[in-house]
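Enquirer: Return atomic coordinates for the entry below.
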Amino acid sequence: MLPKVSIIIPTYNRANYLLQAIESALAQDYLNFEVIVSDNASIDGTPEVVKKYIGDPRFKYFRNEKNLGIAGNWRKALYEYATGEWALVLSDDDYLIDYSYISKATELIRKYQDIKLVWGNYITLNENSNIFKESNFKLNEFIDGKYYFIHYREHVAPHIHSTLTTLFNKIEAIKLGAFTKNISSLDTSLWLRFMVVGDVGFIKDNVAVYRVHEKNETFSMGVEIVLDDIEDIVDIYHCAERAGFFKQKELKKWKIRQIKILFRWRFIQYFSSGKKKIAWELFKRVYKKHPFVIKAFFNPKILFFLIVNGNKVFIKLAKRAKDFFLRDMN
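Expert: Take a look at the predicted model:
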């Protein structure tokens, strides 16, 4: 029998986007799936949008009595509402474009028994410029999980963006404590933990569209949540250490690289959106505990970005970093 798949759509006040997400999920040609909308106490027209689907036996609608936050809503949907053996979390502002994607992904799962998650190429839609950009990753259909883990965010093992293409094993996810932390990188945290215990499948086709707009949750995170994201990386590092599959030296390099990349991304995000004080506050807080992040400023992209912006703080920082940069942090 085909394994049952739960396509989970967590939503909050996105009635204008939700319709397309639901339609794209229900259009899948797979024969054994359910679409679950988990409404996080929306106060817009969400209940009206879902009315037309209530009679579809593949569709389920649940509404939380109060807003549980992102992690709480995802967790409740996966642990309590989903009845499938496999799950995919589709954001309410994204949508699937390959209506055979679930079929392709489950076929790969049956082909390679140790796969714990499958993901695929996608298209990014910038709503401000109306520009579409394809991800164009070129990976094998099967990748050893431990190899993917230790090389994560390198060219051979690119960052798995968002959740919109990622089909994952529900039982294993719950064992790994999926969505139990109040962090912004709920998805990345789970994918990395999966890689320690299983393998990764990849679909080369563009299977979904990821929308970029001003109301994306990832663009409004506070410093405290970013700090929690970084500490989660440290926790994953310790989990991998206990698993005993990796050399200590390569694991340490992995931890440093992941923290630097996450810090650099969030710093630029704050800085470019006009939140310069928050950006520098983030730097001070992270630097205090992980001083090696100062090396992140010597990445060509961030260096050029700060020089172009002519920030005086950066000039002082560059002088301060001179000796530190030459130090061997490995």
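
Enquirer: need the helices for the stretch 1-150 of the chain, in chain order.
Expert: Along the stretch 1-150 of the chain, the segments classed as helices by DSSP state H, counting those that start in this stretch run 15-26, 46-50, 69-76, 101-111, 145-150.

Enquirer: Which one, of those helices, ends up nearest to residue 180?
Expert: helix 69-76 (6.3 Å; C-beta to C-beta). For glycine as for every other residue, the C-beta is placed from the backbone atoms N, C-alpha and C.

Enquirer: Give me the longest helix you can find in the chain.
Expert: helix 248-272 (DSSP state H).

Enquirer: residues of that helix that come out buried?
Expert: 251, 254-264, 266-271 (16 or more other C-beta atoms under 10 Å).

Enquirer: I'd like the next helix or strand past that helix.
Expert: helix 276-289 (DSSP states H and E).

Enquirer: Could you export that next one as PDB, CA atoms only?
Expert: Coordinates of each C-alpha in helix 276-289 appear next as PDB, following Å, rounded to 0.1, in the frame of the first residue of the first chain:
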ATOM      1  CA  LYS A 276      21.100  48.900  12.100                       C
ATOM      2  CA  LYS A 277      21.000  49.200  15.800                       C
ATOM      3  CA  ILE A 278      19.500  45.700  16.100                       C
ATOM      4  CA  ALA A 279      22.100  44.400  13.700                       C
ATOM      5  CA  TRP A 280      25.000  45.600  15.900                       C
ATOM      6  CA  GLU A 281      23.200  44.500  19.000                       C
ATOM      7  CA  LEU A 282      23.000  41.000  17.500                       C
ATOM      8  CA  PHE A 283      26.800  41.200  16.800                       C
ATOM      9  CA  LYS A 284      27.600  42.200  20.300                       C
ATOM     10  CA  ARG A 285      25.500  39.400  21.900                       C
ATOM     11  CA  VAL A 286      26.800  36.700  19.600                       C
ATOM     12  CA  TYR A 287      30.400  37.900  19.700                       C
ATOM     13  CA  LYS A 288      30.400  37.700  23.500                       C
ATOM     14  CA  LYS A 289      29.700  33.900  23.400                       C
END
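
Enquirer: Can you give the contact residues for that helix?
Expert: Residues outside helix 276-289 that contact it (C-beta atoms under 8 Å, 6 or more residues apart in numbering): 222-223, 226-227, 230, 259, 263, 266-268, 270-271, 293-294, 311, 313.

Enquirer: try 10 Å this time
Expert: Here helix 276-289 makes contact (C-beta atoms under 10 Å, 6 or more residues apart in numbering) with 222-224, 226-227, 230-231, 234, 259-260, 262-263, 266-273, 275, 292-294, 296-297, 306, 309, 311, 313-314, 317.

Enquirer: What helix or strand is the residue nearest to residue 118 when sequence neighbours are not counted located in?
Expert: Nearest non-adjacent residue to residue 118, counting by C-beta to C-beta, 6 or more residues apart in numbering: residue 201, 3.7 Å away. Assigned by DSSP H and E, residue 201 belongs to strand 199-212.

Enquirer: and the next helix or strand after that strand with helix 248-272, angle?
Expert: Next helix or strand after strand 199-212 toward the C-terminus (DSSP H and E): helix 223-243. Relative orientation of helix 223-243 versus helix 248-272 (axes from the mean of the first three to the mean of the last three C-alpha atoms, to 10 degrees): 170 degrees.

Enquirer: Run through the neighbouring helices and strands of helix 223-243.
Expert: helix 145-150, helix 186-197, helix 248-272, helix 276-289 (3 or more C-beta pairs under 10 Å, 6 or more residues apart in numbering; DSSP states H and E).
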